[in-house]
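S.K.: Have a look at this prediction, sequence included:
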Amino acid sequence: MTKQALILIDIQNDYFEGGAMSLKEPVKAAENARKLLHHFRQNGKAIVHVQHLAATPELGFMLEGTDGQKIHSSVTPLEGEPVITKHYPNSFAATNLSDVLNELEVTEVVLVGMMTHMCVSSTARATIEYGLKTIIAHDACATCDLSIFDQTIAAQVVHQTALAEVANIADILSVEEVIRR
């Protein structure tokens, strides 16, 4: 039997307007994540919040003790919902996320969060190692423009490319599709 958990990755203030690293359309992604969070709460399904904490101040964002490092008010954890602190893009790396999921007997995860091309996709790739079926709610994720070779790659292209890269290991669905399942 499938037991599902929602994993909310790095939906933190630094990614919103005025934050140290604002993304493209983070409010829209957070609102969609909130819809899924509400659905999971209403249906008594497992929920795990993941909160990034910069390993070094050189990162320049998600710094300990700052407002930017706090989980955004749209998806504030309730008492009793696990909050995992991570220092690397992969939410499993050097955390107890796998232990929490095992304890909850989770077999399938729904990933939402920020940034699509970094922490969401890194976590999706890692789910293979833990034998988890994975869904990414694409409209509950956000990212930013990236630059390389004197070119800027638009956030929408970065987002779609990151999702395409993991589409063979994760189902890529909308929030509404996840809710209807």
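M.R.: Great, that's in hand. Source: prediction; values computed, not measured.

S.K.: count of residues packed around the nearest residue in space to Glu64 that is not next to it in sequence?
M.R.: Distances taken as CB to CB, 6 or more residues apart in numbering place Leu53 nearest to Glu64, at 5.7 Å, with adjacent residues excluded. C-betas here are computed from N, CA, C, even on glycine. Neighbour count of Leu53, defined by other CB atoms under 10 Å: 14.

S.K.: What degree of burial does Pro82 show, as a neighbour count?
M.R.: 18.

S.K.: ok, and for stretch 9-27, which residues are buried?
M.R.: 9-16, 19-21, 23-24, 26 (16 or more other CB atoms under 10 Å).

S.K.: Secondary structure added to the residues you listed, as TSV?
M.R.: TSV is the format used below for those (DSSP: H, G, I helix; E, B strand; the rest coil):
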residue	secondary structure
Ile9	strand
Asp10	coil
Ile11	coil
Gln12	strand
Asn13	helix
Asp14	helix
Tyr15	helix
Phe16	coil
Gly19	coil
Ala20	coil
Met21	coil
Leu23	coil
Lys24	strand
Pro26	helix
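
S.K.: for these, which one is nearest Met118?
M.R.: Among those, Asp10 lies closest to Met118 (CB to CB), at 8.7 Å.

S.K.: Give me the distance between the two termini of stretch 140-152.
M.R.: End-to-end distance of stretch 140-152: 23 Å, with CA to CA, to the nearest Å as the criterion.

S.K.: chain center to that stretch, what's the gap?
M.R.: Its chain's C-alpha centre and that of stretch 140-152 lie 17 Å apart, by CA atoms, centre = their mean, to the nearest Å.

S.K.: For that stretch, give the mean pLDDT please.
M.R.: When pLDDT is averaged over stretch 140-152, the result is 98.

S.K.: ok, now stretch 86-96?
M.R.: 98.

S.K.: now do stretch 5-21
M.R.: 98.

S.K.: end to end, how far does that stretch reach?
M.R.: Termini of stretch 5-21 sit 28 Å apart (CA to CA).

S.K.: most distant residue from the middle of this structure?
M.R.: Asp150 (28.8 Å; CA atoms, centre = their mean).
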